[in-house]
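Colleague: Quick one, structure for this:
(chains A and B)
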Protein chains: 2
Amino acid sequence: MSLLVVGSLAIDTIETPFGKVENVLGGSATYISIAAGYFVTPVRLVGVVGGDFSKEYIKMLEERDIDLEGLQIIKDGKTFRWGGRYHYDLNVRDTLYTDLNVFEFFNPVIPDSYKKTTYVCLGNIDPVLQSRVLQQIEKPRLVVGDTMNFWIKRKKDDLLKTLKSIDVLIINESEARELTNEPNLIRAGKEIIKMGPRVIVIKKGEHGALLITASTIFSAPAYPLENIYDPTGAGDSFAGGFIGWIAKTDDTSDENLKRAVIYGSALASFCVERFSLDRLKELDCLEITERFREFKAISDFNEGTVQ
Amino acid sequence: MSLLVVGSLAIDTIETPFGKVENVLGGSATYISIAAGYFVTPVRLVGVVGGDFSKEYIKMLEERDIDLEGLQIIKDGKTFRWGGRYHYDLNVRDTLYTDLNVFEFFNPVIPDSYKKTTYVCLGNIDPVLQSRVLQQIEKPRLVVGDTMNFWIKRKKDDLLKTLKSIDVLIINESEARELTNEPNLIRAGKEIIKMGPRVIVIKKGEHGALLITASTIFSAPAYPLENIYDPTGAGDSFAGGFIGWIAKTDDTSDENLKRAVIYGSALASFCVERFSLDRLKELDCLEITERFREFKAISDFNEGTVQ
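Modeller: Next up, the predicted model:
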């Protein structure tokens, strides 16, 4: 099995009510690759950074067996930088700045050695670029795509084109409603299935996640975290855990998609326990298995009967 | 086993995007009793109505084996009337009018024959009245109480006193946050446990429900309804299904509380499928069992392991 991840690499500055970190490694491709890397290696990464991208980060990614052949390094450019501040209610966030830098002109080029990749995860980038990635590769077994309200608002037609080539769309609750103009999430999910993807995963943050296919609805609980230090990267960690599990097991059945949602939720729950990548990059497989079982424990119940 | 329900009986006028009903039977005690009545009979009801309360309603309740010895009928008074309009997004509701009428001076009097009741469900009424009910009865095995933002805002001190005598508090997501000034629901639940109840059930509407005790967290899914015709009474139907199952099984273990949350969710999901009591009062036990199993099916997943 092989896995290709395309997305952003960024230098983040993050403030939450619990502290602040400055100029730390971030970006969707980074979180997805690190999360997926607990399930499959190597993870093939396609992205772009500037000459200011620390060699230490390169080393860290390589040590995790993330294949950087597809990483473009623009020597005289600067890496994408993002600053955000989360409120006391962590669902509310202000973007302090977004300096796209080299990411503004990102043109994903897929190395020949990546062209036969079995599983593909398209991080949240311009849907035009997502389509361009898919045009460069042989038909993979499964394409997972993420998007966001920015693209729904600004590039809806392009997004609708891209959706026709995506098998699994991972999307936030509010984005699912916005994309379909449908307040009911189950109906919204079914509307999105008509747009192309055969599987929709709706992330609901503290309320868990929904998996919707033509034949299945699965409701996954959220891990009951009392302390969320930094929500940055949670959605990308979810996507990485989700596609990582599927790539590892090479099984796209509905039952295995449910497990993938739980592994995605598990990786996201770890991600937010500390700042930036601090927790996500320090996991071991036993912790992940144990958390999977905790998800089972909090949602399990026995049958009763009305006599 | 015996079950006592105290709350309002009302004449409702309800508008939703799907239609309108005028002057139909409603009220928290009505919904709770009818829902609980699928599990235990008779349900002992304490409430108040005016001389305008239709004999047809009395007959319907009696036919369901709801014991009306505790129902006060104020011949020269009018029954509590409520009018509400739900928006396209059914989470948003305008109250069109609230005519308390005889309910304004409601003083719950517990008949002698009710004083040794095993299980008690206090619908959403003034916390002072909830306490007055509990003072009139011998210590029951379990007291379930509901409340709402109105009492949290207006009568917080009284509510805090009542909470000391309640075993299970059933509360909405936003109300749990408001009561504790805590945006994190898990922490909010644990804060409420410090106020008295040993069990907190947080209703999250389309996101399901959380059960929190000192030793257990249980996340119940929502039933994936595509068409919600009328949300009126959903919370009361939940409370009725919850306490009904517990009273029937006479088992207050954590594992059985989880089943009770699912039965509560099941009854609420039926309630909203049609207007007013139309669906809730036409159920049979097989439908309820079947829906319980559907809740299991949408939240169940098999273990996987990371090798």
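
Colleague: which element is the residue nearest the centre of chain A on?
Modeller: A centroid search over chain A (Cα atoms, centre = their mean) returns A:Asp236, at 2.6 Å, as the residue closest to the centre. Per DSSP states H and E: A:Asp236 is located in helix A:234-249.

Colleague: Which residue comes closest to the residue of the stretch 1-150 of chain A found nearest chain B once chain neighbours are left out?
Modeller: Closest residue of the stretch 1-150 of chain A to chain B, Cβ to the nearest Cβ: A:Asp89 (4.4 Å). Where C-beta positions appear, they are placed from N, C-alpha and C, glycine not excepted. With sequence-adjacent residues excluded and distances taken as Cβ to Cβ, 6 or more residues apart in numbering or on different chains, A:Asp89 is closest to B:Pro183, at 4.4 Å.

Colleague: Confirm for me that the one you found is in contact with A:Val92.
Modeller: No - with contact defined as Cβ atoms under 8 Å, B:Pro183 does not reach A:Val92; the gap is 9.5 Å.

Colleague: Between these two, point out the one with more neighbours.
Modeller: Neighbour count, other Cβ atoms under 10 Å in any protein chain shown: between B:Pro183 and A:Val92, B:Pro183 has more, with 16 against 10.

Colleague: mind checking the SS state of the more buried one?
Modeller: Secondary structure, DSSP: H, G, I helix; E, B strand; the rest coil: B:Pro183 is coil.

Colleague: residues in contact with it?
Modeller: Counting by Cβ atoms under 8 Å, 6 or more residues apart in numbering or on different chains, B:Pro183 touches A:88-91, B:177.

Colleague: Strands along the stretch 51-200 of chain A, start to end?
Modeller: A:66-74, A:80-86, A:93-99, A:119-122, A:142-146, A:168-172, A:199-203 (DSSP state E, counting those that start in this stretch).

Colleague: where does chain A have low pLDDT?
Modeller: Scanning chain A for pLDDT under 70 picks out the ranges A:304-307.

Colleague: For it, just list every one of the helices.
Modeller: Using DSSP state H, the helices of chain A run over residues A:28-36, A:55-63, A:127-135, A:149-154, A:156-163, A:173-180, A:185-194, A:234-249, A:254-271, A:285-299.

Colleague: which of these is buried the deepest?
Modeller: Per residue and on average, the most neighbours among the helices of chain A fall to helix A:28-36, with a mean of 31 (mean count of other Cβ atoms under 10 Å in any protein chain shown).

Colleague: Report the distance from it to the chain centre.
Modeller: Distance, stretch centre to chain centre, for helix A:28-36: 7 Å (Cα atoms, centre = their mean, to the nearest Å).

Colleague: Mind giving me the packing neighbours of it?
Modeller: In this structure, helix A:28-36 packs against strand A:3-6, strand A:43-50, helix A:234-249, helix A:254-271, with contacts taken as 3 or more Cβ pairs under 8 Å, 6 or more residues apart in numbering or on different chains; DSSP states H and E.

Colleague: number of nearby residues for A:Tyr88?
Modeller: 8.

Colleague: let me fix that: A:Thr41
Modeller: So A:Thr41, with other Cβ under 10 Å, has 16 neighbours.

Colleague: Isn't it up against A:Glu63?
Modeller: No - counting by Cβ under 8 Å, A:Thr41 does not reach A:Glu63; the two are 11.0 Å apart.

Colleague: on that earlier part again, quickly compare the strands of the stretch 51-200 of chain A and say which is most buried.
Modeller: Neighbour counts (mean count of other Cβ under 10 Å) averaged over each of the strands of the stretch 51-200 of chain A peak at strand A:119-122, with a mean of 30.

Colleague: CSV for the helices and strands packed on helix A:28-36, including distance to chain B?
Modeller: Output for these, formatted as CSV (distance: least, Cβ to the nearest Cβ, whole Å):
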stretch, distance to chain B
strand A:3-6, 15
strand A:43-50, 16
helix A:234-249, 7
helix A:254-271, 4
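
Colleague: Near chain B, which residues of the stretch 51-200 of chain A? Just list them.
Modeller: Residues of the stretch 51-200 of chain A lying near chain B by Cβ under 8 Å from any Cβ of the partner chain: A:88-91, A:183-187, A:190.

Colleague: mind running it again at 6 Å?
Modeller: By Cβ under 6 Å from any Cβ of the partner chain, the part of the stretch 51-200 of chain A that sits against chain B consists of A:89, A:183, A:186-187.
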